[in-house]
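Q: attaching a predicted model along with its sequence, questions to come.
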2 protein chains.
Amino acid sequence: MGCKIEEFQQEQKKRVRAVQDSMDVLNGKWKIAIISSICCYGKRRFSDILNDIDGISNRMLSKELKELEINQLVKRTVLDTQPISVQYELTEHGDTLQTIISNLTDWGVLHRKRIIG
Amino acid sequence: MGCKIEEFQQEQKKRVRAVQDSMDVLNGKWKIAIISSICCYGKRRFSDILNDIDGISNRMLSKELKELEINQLVKRTVLDTQPISVQYELTEHGDTLQTIISNLTDWGVLHRKRIIG
DNA sequence: AATAACAGTAACACAGAGGTAACCAAGTAA
DNA sequence: TTACTTGGTTACCTCTGTGTTACTGTTATT
């Protein structure tokens, strides 16, 4: 059976689907920036993240954090302070994104040098 | 001067900007799938890519390939065949995305196991 | 009594991302 | 003559991602 090529194509389709699964979670203008901010500081409050990321609105931050929570990448904890503050941290699963974030950071620098400036 | 914290924050903002530079290029429903397809086969024709990626339309593929060309990730070559065929391959710069693609593939599998199925 | 900080939410608006379907030109096979 | 293939383009439409502004409730401060 000359199935080698078809097998390879099936594998490739699986790989493409896997990449798209990742991108479904990471897509959007702000998600990776948010993860990057939380990841970098370990724990981070709502207003801190708002401050870390130039241009994001509280509406967007709130929405994106919710989605990240649903995808089990981020954990939300309400702290008993006055006024109430809310702490975000990466889950164990979220932590597994570190390699990707780091690669994307390096590549971003490279790309900017090469294309943008 | 107690500048350590501010320095760190500046560094972090730079990192976030770098990640966003990457995402500007890779964002969208199809771009990474396209790169992944070309990268996997080395060289790939329009209709092959169309076939690799479930759900993409020729309109989208054409549009995304153009953008990837503008960003110097993909090189287009018209072949003198009948009917004419067009070959796409990654540029040197596009090749530097391989690590990221591969990481995203692995993470996608992990994530699907963990969340989706 | 008024204002500020925190962590959001609600209502509305809009550009552009993405989908669908038809069409094109050149060659070629039936 | 008609139909098919390759690699697109064009027109049109829908929908969603994102932005803007204003608002909430609670506590502390002035």
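A: All right, it came through fine.

Q: you'd agree residue A:114 is in a helix?
A: Yes: using DSSP: H, G, I helix; E, B strand; the rest coil, the assignment for residue A:114 is a helix.

Q: can you check the pLDDT for it?
A: Residue A:114 carries a pLDDT score of 91 in this model.

Q: quick check: the gap between residue A:20 and residue B:5.
A: 39 Å (Cβ to Cβ, to the nearest Å). In this view, the C-beta of every residue, glycine as well, is placed from N, C-alpha and C.

Q: how about low-confidence regions in chain A?
A: Along chain A, segments meeting pLDDT under 70 span A:1-3.

Q: mind listing the strands for it?
A: A:43-45, A:74-79, A:85-90 (DSSP state E).

Q: can you add mean neighbour count and distance to residue A:58 and give those back as TSV?
A: Formatted as TSV, the strands of chain A follow (neighbours: other Cβ atoms under 10 Å in any protein chain shown; distance: least, Cβ to Cβ, whole Å):
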stretch	mean neighbour count	distance to residue A:58
strand A:43-45	17	12
strand A:74-79	14	15
strand A:85-90	18	12
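
Q: mind checking those for the one nearest to DNA strand D?
A: For DNA strand D, the closest of the strands of chain A is strand A:85-90, at 10.4 Å, according to Cβ to the nearest atom of the strand.

Q: touching DNA strand C at all, that closest one?
A: Yes: under the criterion of Cβ under 7 Å from any atom of the strand, DNA strand C is reached by strand A:85-90 at A:85-86.

Q: now the angle from that strand to strand A:74-79?
A: 160 degrees (axes from the mean of the first three to the mean of the last three Cα atoms, to 10 degrees).

Q: how about strand A:85-90 as PDB, C-alpha atoms only?
A: The C-alpha atoms that make up strand A:85-90 are tabulated as PDB, following Å, rounded to 0.1, in the frame of the first residue of the first chain:
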ATOM      1  CA  SER A  85      -8.100  44.000  45.000                       C
ATOM      2  CA  VAL A  86      -8.000  41.100  42.700                       C
ATOM      3  CA  GLN A  87      -5.000  39.000  42.000                       C
ATOM      4  CA  TYR A  88      -4.200  37.200  38.800                       C
ATOM      5  CA  GLU A  89      -1.700  34.500  38.400                       C
ATOM      6  CA  LEU A  90      -0.900  31.800  35.800                       C
END
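
Q: contacting residues for residue A:16?
A: Contacts were defined as Cβ atoms under 8 Å, 6 or more residues apart in numbering or on different chains; by that measure residue A:16 touches B:33, B:36-37, B:52-53.

Q: gap between it and DNA strand D?
A: Here residue A:16 is placed at a distance of 18 Å from DNA strand D (Cβ to the nearest atom of the strand, to the nearest Å).

Q: what does residue A:53 give?
A: Distance, residue A:53 to DNA strand D, using Cβ to the nearest atom of the strand: 10 Å.

Q: any idea how far that residue lies from residue A:20?
A: In this view, residue A:53 and residue A:20 are 25 Å apart by Cβ to Cβ.

Q: before we move on, the earlier item: the strands of chain A: which one's closest to residue A:103?
A: strand A:85-90 (16.7 Å; Cβ to Cβ).

Q: the closest one - contacts with which helices or strands?
A: Under the contact definition 3 or more Cβ pairs under 8 Å, 6 or more residues apart in numbering or on different chains; DSSP states H and E, strand A:85-90 sits against helix A:31-41, strand A:43-45, helix A:46-52, strand A:74-79.
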